[in-house]
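Peer 1: here you go, sequence then predicted model.
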Amino acid sequence: VVAGGLSRLNSATNGRAAPYRPYSLSFLDTMTWTRQAHTVKMGAEFRQIRIAHDQQGGTTYSFPNLTAFLANAPSAIQYLGDISAPSVFNDGATGNRHTRQDYYTVFAQDEWRLAHNLTVNAGLRYEYYTPLRERNNLDVIFNIDTGKFKDPSTDFYKAVKTNILPRVSVAWVPNQGTTAIRAGFGIAVGPGQLEDMMQPIESDRISTSVTSGAFPANLDTIRANFINNPNNRQYQPRTYANNYSVPEKVYQYTASVQRELPANLTATVAYVGSQGRNLFLRSIANRTIGVQSNGAAAGTQVREFDIVTCANGTTGVGTLCPGSSIASIQKPYAEIDYKTSGGRDQYNSMQLSLTRRSSRGLTMNAQYTLGKSWGNTAGSNEAVTANNNARALDEFNYDIGYNNFDVRHTFNLSAIYEIPGKGPLFSGWNVGGIL
C-alpha cells in the first residue's frame, strides 16, 4: 500500500516528489568537406550536464494479504527521508544536491560514391562520459563486499575511456535500377539512465525498513533509531558492485533487399539484428546466509552484515552460532539493491514490408516482423533483480531467457484513401485506417 499520495521515485522507493532543475552547456563544431567522390564530415562536442535536485520521501506499508491489511498488521514499513534534510552521513548537510557530468565526443565520417550506383559510408566516433558526481561529495558509497562505506570522493563506478565506435554501410543499385541492396554495421554507447547513475547521491538520507508496527507509524521513533543506533538501523542504501563499469554497448547490423514491383508496389526483405554487451544488471547485497533458532519458537534470519552474539559468548559479523543459539542480533543494514554491469542480450529479426505509393488516391503499407529477443538482461530500464541473488557474473546466466519485450510475430497494415471531390467543401478529404 502506498499511502499519502506517494508516487514511484525510482525502481526501489516511493516518495512525495522529485524536483529537478537541470541544464546543459554544449561547445561543439562540425565541418563538411567535399572533394570529387568524397563527402567528409567531422566534428567534436564538449557538453556539461548540471542538475540541482532533491527527492522527497515518504512511508510505504506492505501487507502480505487482505486479512493483515484489515487487521492493520503490515509485514514491513519502509521509511524514506528527504535528500535535502540534514544528512546523517555528511555532517548534517542540507539542501539540494548538485550533480554534474561531462561528455566528450569526436567523430569523422566519409560518404564515398564509388560509382553512380554504389555508395559506401564509413565513420569513426569516440565518446567518453565522466563518472557522475555530486559537487561537494555529498554521497554515500556502500561497498557490497565489506559492508563498509567508501570515501565519498571515490568514483561511483568505472567510466570506460576506450569507446571507439566504428560504423560502415553500403548501398548498391544494380544496373536495372529496380532493386536496391543495403547493409550496415555500427557500435553505439550511451551515458546510462540518470536514475541508475546517481544512486550514491540518493542514498545520502534516512532509508530504512522495520518489520513491526502499524499504520500510522511513529516516524519520530524511526528517525531517532536510525540516527542514534547505527548498528541496528537497517539502512537501505542503493549502490553498485565494485567492478561496475559504464557505458553499455550495442552492436547493430542490418541487410536488406528492396525491389520495385508493378502496380506502384515496393517490396523489402530485411534482416535486422543487434547484440547488447556490458548491460546493466541488478541483484541483492546483504544476502541471507541462514536461519537459526534464537531460543524462541521462530528462527532468526541472519544476513551477511548482521552483528551476531551467540549464547556461548562468541560474536561475529554474518555468522551463525553452530552448537549454540543466538543471544542477540543487530542489523545495521536491510536487504540492499545493487547494480552491476556485464549483462548481454541479442535480437534477430526478419522484416518484410510491402508499400503502395499513392496512386489513384490510395496509399497502403503492410509490415511483418518475425523477431526474437533474449539474454540475461535487457539493459537499464528493463533489468530485473536476479532471481538467484547473483553475485558472480556467471551466476546471472541462470536468468537467460526471452526479454520482457520479446514479441515473436508483429503485423500491421495501414491505408489512406483520398476521397475524390472538387471545391473548397468537398476536396482534400482523406479516410484511413490501421490494423
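Peer 2: Arrived safely. Numbers count the residues shown, from 1 in each chain.
Peer 1: every contact and neighbour count from this point should use C-alpha atoms.
Peer 2: Will do.
Peer 1: contacts only, for F411.
Peer 2: Counting by CA atoms under 8 Å, 6 or more residues apart in numbering, F411 touches 366-369.
Peer 1: ranking those residues by neighbours, who comes first?
Peer 2: Highest neighbour count within those: T369, with 19 neighbours (other CA atoms under 10 Å).
Peer 1: ok, back up a step: which of the contacts of F411 sits closest to N228?
Peer 2: T369 (59.3 Å; CA to CA).
Peer 1: which residues does that closest one form a beta bridge with?
Peer 2: In this entry, T369 is beta-bridged to Q351, T410, by DSSP bridges.
Peer 1: was I right about it contacting H409?
Peer 2: Yes. With contact defined as CA atoms under 8 Å, T369 reaches H409; the gap is 5.8 Å.
Peer 1: which SS state does T221 fall under?
Peer 2: The three-state label given to T221 by DSSP: H, G, I helix; E, B strand; the rest coil is helix.
Peer 1: quick check: the gap between it and S203.
Peer 2: Between T221 and S203 the computed distance is 20 Å (CA to CA, to the nearest Å).
Peer 1: right, and the secondary structure at N225 would be what?
Peer 2: Assigned by three-state DSSP, the conformation of N225 is helix.
Peer 1: list the contacts of it.
Peer 2: By CA under 8 Å, 6+ apart, the neighbours of N225 are 232-233.
Peer 1: in this structure, which helix or strand is least confident?
Peer 2: Ranked by mean pLDDT, DSSP states H and E, the helix or strand of the chain with the weakest confidence is strand 7-8, at a mean of 72.
Peer 1: how far off centre is that one?
Peer 2: Averaged C-alpha coordinates place strand 7-8 at 17 Å from its chain's average position (CA atoms, centre = their mean, to the nearest Å).
Peer 1: I'd like the next helix or strand past that strand.
Peer 2: Going down the chain from strand 7-8, the next helix or strand is strand 14-15, by DSSP states H and E.
Peer 1: does anything pack onto that following strand? Which helices or strands?
Peer 2: On a contact count with 3 or more CA pairs under 8 Å, 6 or more residues apart in numbering; DSSP states H and E, strand 14-15 meets strand 7-8, strand 59-62.
Peer 1: strands paired with that strand, and their directions?
Peer 2: strand 7-8 (antiparallel).
Peer 1: wait, doesn't S24 sit right on T99?
Peer 2: No. S24 lies out of contact with T99 (CA under 8 Å); the separation is 11.6 Å.
Peer 1: the more surrounded of the two?
Peer 2: Per other CA under 10 Å, whichever of S24 and T99 has more neighbours is T99, with 20 against 12.
Peer 1: just say helix, strand or coil for the more buried one.
Peer 2: Applying three-state DSSP: T99 is strand.
Peer 1: I'd like to know the beta-bridge partner residues of it.
Peer 2: I51, E134.
Peer 1: quick one, what contacts it?
Peer 2: For T99, the contact set (CA under 8 Å, 6+ apart) comprises 50-53, 132-135, 198.
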